[in-house]
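*Asks:* Sequence plus predicted model, see below.
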Amino acid sequence: MNHSFLIFGREPSVSFAELYQHLGQTSQKISVANREAVLVDDPEFGHTAPDILAGVVKSGLIVKTAPSLSAEILASILELHLKKEGKFNFGLSFYGFSTSLQTLTLPSPLKGEGNLKRLGLEVKKILKQSGASVRLVESRSGNLSSADVVKNRLLDKGVELCLLKAKDEFLIGQTLAVQPFEEYSERDYGRPARDSRSGMLPPKLAKAMVNIASRGNRGLKILDPFCGSGTVLQESLLLGCNVIGTDIEARAIADSKKNLEWLLNRHSEIKYVIPTEVRRSFSEGGRSGGISSVVQGIPRLRFASLGMTSNVHIEKCDVRQLGNILSKNSVDAIVSEFDLGPPLSGKESEGKIKSIVSSLNDFYLAALHALQPILKDAGQAVLAWPYFKKFDLFIPAFDELEQLGWQAEAPYPESFEKDFPLSRRNTLLYGRQGQYVWREILILKKTDRG
């Protein structure tokens, strides 16, 4: 088989939306193995997917299909990688069925709880018969994490096999790449300015939103009108896009500048100076022109590895006044997290939450009205705003999108919703159990104002 496999993280619907949009909104290359794993008809993608897509925690190549699993089958694959000298590490992870693995067709001694470890030990026993020094890498949580794979050298001096349950067969894949977890952690917790109110958008979610908005294109001009501490801006830059960040809060502007300077100083391939202002003429030069002639001394960020240049512009501005500094049809995409409202204790009444929703809704309507003219006709806005999980309360501004010149689009065709469910509004939801406020992620296109 020439298929890559991709393993999704905690938010599979968001991950699948990112993949589908990145591949150009086509399902021709994608086949779903199960809710945790998909196949892509591109053998190269298995080597690079976790670096490109925020929602992919592992990727690799399918090396074998089988109607059932056995230790002998897995050992025969691993024997191809055994070395005559030194210890050989290997690990197993299962995706697509229960942790008890009752549905597996395995030798009878392996049935019952703990099959993952039992199967691994059986494989180890077979491999040791060749005289090799073999170690089974295990995880307390069952499947190996990205950190487990990296720290145990399974990408370069060992092998992890991912066992995927499809409809009527098992797919066996070799892991070739994992999510750069340390880089994400550094860009989240290692930044010099991290505000708990304006900087809570996780870098992985920000990157996924940028990938959805850009649809795999680089060099786009992306606007974040609520830039906070610059999370969307940093992820956009690392994907080779031009960025405009605005915010009404002076502290947010200062934090964004500080964080982007920190980020760019850590990337030796980038030469930069971050300007303080953006001018209305910015947009009139197209995607990458017209800047330097307007604001003196504005350089370009040089992405040597990408073969392109990117511009950074950050300015204090109320979103409702953006039309004063940005021209109509001037940005390729808008990616932003709107104000999620005040912190909640979980003890608030439904009436209190409805009052918060009403207050936020008025501001959202004004923001959507101001942003619509600035986006290019062919562009996309990918926006996050709150969904109040406890009382199942959505933002009502959604029902007025058409009047404001917007149209909400589902992130992927209905045929995929069985495996990757959407909200009742055909939007993405991002959150975890126990959180009072989740995020609803919208994909918006421009239409004529009603």
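*Replies:* Cool, the structure landed.

*Asks:* Which parts of this protein belong to which domain?
*Replies:* Here the domain assignment for the chain is 4-179, 183-446, based on automatic domain parsing.

*Asks:* Any chance of these in TSV with mean pLDDT as columns?
*Replies:* Below are the domains of the chain laid out as TSV (pLDDT from 0 to 100):
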stretch	mean pLDDT
domain 4-179	88
domain 183-446	85
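
*Asks:* Quick one: those domains as CSV, columns for mean neighbour count too.
*Replies:* In short, each C-beta sits where N, CA and C put it, glycine included. Below are the domains of the chain laid out as CSV (neighbours: other Cβ atoms under 10 Å):
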stretch, mean neighbour count
domain 4-179, 18
domain 183-446, 18
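
*Asks:* Can you show me the strands along the stretch 151-300 of the chain?
*Replies:* For the stretch 151-300 of the chain, applying DSSP state E, counting those that start in this stretch gives strands covering 158-165, 170-178, 221-224, 242-247.

*Asks:* Can you spell out which helices and strands pack onto the last one?
*Replies:* Yep, that's strand 242-247 we're talking about. If you count contacts as 3 or more Cβ pairs under 8 Å, 6 or more residues apart in numbering; DSSP states H and E, strand 242-247 packs onto strand 221-224, helix 231-238, helix 250-265, strand 312-316.

*Asks:* One more pass at 7 Å, please.
*Replies:* With contacts taken as 3 or more Cβ pairs under 7 Å, 6 or more residues apart in numbering; DSSP states H and E, strand 242-247 sits against strand 221-224, helix 231-238, strand 312-316.

*Asks:* That one vs helix 250-265, what angle?
*Replies:* 150 degrees (axes from the mean of the first three to the mean of the last three Cα atoms, to 10 degrees).

*Asks:* Return the alpha-carbon coordinates of strand 242-247 using PDB.
*Replies:* What follows is strand 242-247, C-alpha atoms only, in PDB (Å, rounded to 0.1, in the frame of the first residue of the first chain):
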ATOM      1  CA  ASN A 242       1.900  37.800   6.300                       C
ATOM      2  CA  VAL A 243       0.200  39.000   9.400                       C
ATOM      3  CA  ILE A 244      -1.700  42.000  10.700                       C
ATOM      4  CA  GLY A 245      -2.500  42.000  14.400                       C
ATOM      5  CA  THR A 246      -4.800  44.600  16.000                       C
ATOM      6  CA  ASP A 247      -6.300  44.800  19.500                       C
END
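
*Asks:* about what we covered before: let me have the strands of the stretch 151-300 of the chain in JSON lines, adding distance to D255 as columns.
*Replies:* Formatted as JSON lines, those follow (distance: least, Cβ to Cβ, whole Å):
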{"stretch": "strand 158-165", "distance to D255": "39"}
{"stretch": "strand 170-178", "distance to D255": "30"}
{"stretch": "strand 221-224", "distance to D255": "13"}
{"stretch": "strand 242-247", "distance to D255": "9"}
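
*Asks:* Which residues does stretch 125-141 contact?
*Replies:* Residues outside stretch 125-141 that contact it (Cβ atoms under 7 Å, 6 or more residues apart in numbering) are 71-72, 75, 78-79, 82, 86-91, 117, 120-121, 124, 144-145, 148, 152, 154.

*Asks:* So which of those residues are in strands?
*Replies:* Residues of the contacts of stretch 125-141 located in strands (DSSP state E): K87, F88, N89, F90, G91.

*Asks:* Run through the helices of this protein in chain order.
*Replies:* Using DSSP state H, the helices found in the chain span residues 12-22, 45-52, 71-78, 115-128, 146-151, 181-189, 203-214, 231-238, 250-265, 350-371.

*Asks:* Show me the contact partners of the shortest one.
*Replies:* For helix 146-151, the external contacting residues (Cβ under 7 Å, 6+ apart) are V57, K58, G91, V137, S139, L155, E160, T175, V178, Q179, F181.

*Asks:* How about the last one, nearest residue that isn't a chain neighbour?
*Replies:* With sequence-adjacent residues excluded and distances taken as Cβ to Cβ, 6 or more residues apart in numbering, F181 is closest to S146, at 5.0 Å.

*Asks:* what's the distance between the one you found and E85?
*Replies:* As judged by Cβ to Cβ, to the nearest Å, S146 and E85 stand 28 Å apart.

*Asks:* again, but for E11
*Replies:* For E11 relative to E85 (Cβ to Cβ), the value is 43 Å.

*Asks:* got it, and Y20?
*Replies:* With Cβ to Cβ as the criterion, Y20 and E85 are 45 Å apart.

*Asks:* again, but for G379
*Replies:* Distance from G379 to E85, by Cβ to Cβ: 57 Å.

*Asks:* Tell me which residues touch Q433, please.
*Replies:* Applying Cβ under 7 Å, 6+ apart to Q433 gives no contacts.

*Asks:* Identify the residue spatially nearest to L340, adjacent ones excluded.
*Replies:* Leaving out its chain neighbours, the residue that sits closest to L340 by Cβ to Cβ, 6+ apart is P386, at 4.6 Å.

*Asks:* does the one you found really touch Q435, like I thought?
*Replies:* No: assessed by Cβ atoms under 7 Å, P386 is found out of contact with Q435, at 10.5 Å.

*Asks:* Contact partners for E337?
*Replies:* L201, F226, A384.

*Asks:* Tabulate those residues (JSON lines), appending distance to V312.
*Replies:* Shown next, in JSON lines, are these (distance: Cβ to Cβ, whole Å):
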{"residue": "L201", "distance to V312": "18"}
{"residue": "F226", "distance to V312": "17"}
{"residue": "A384", "distance to V312": "22"}
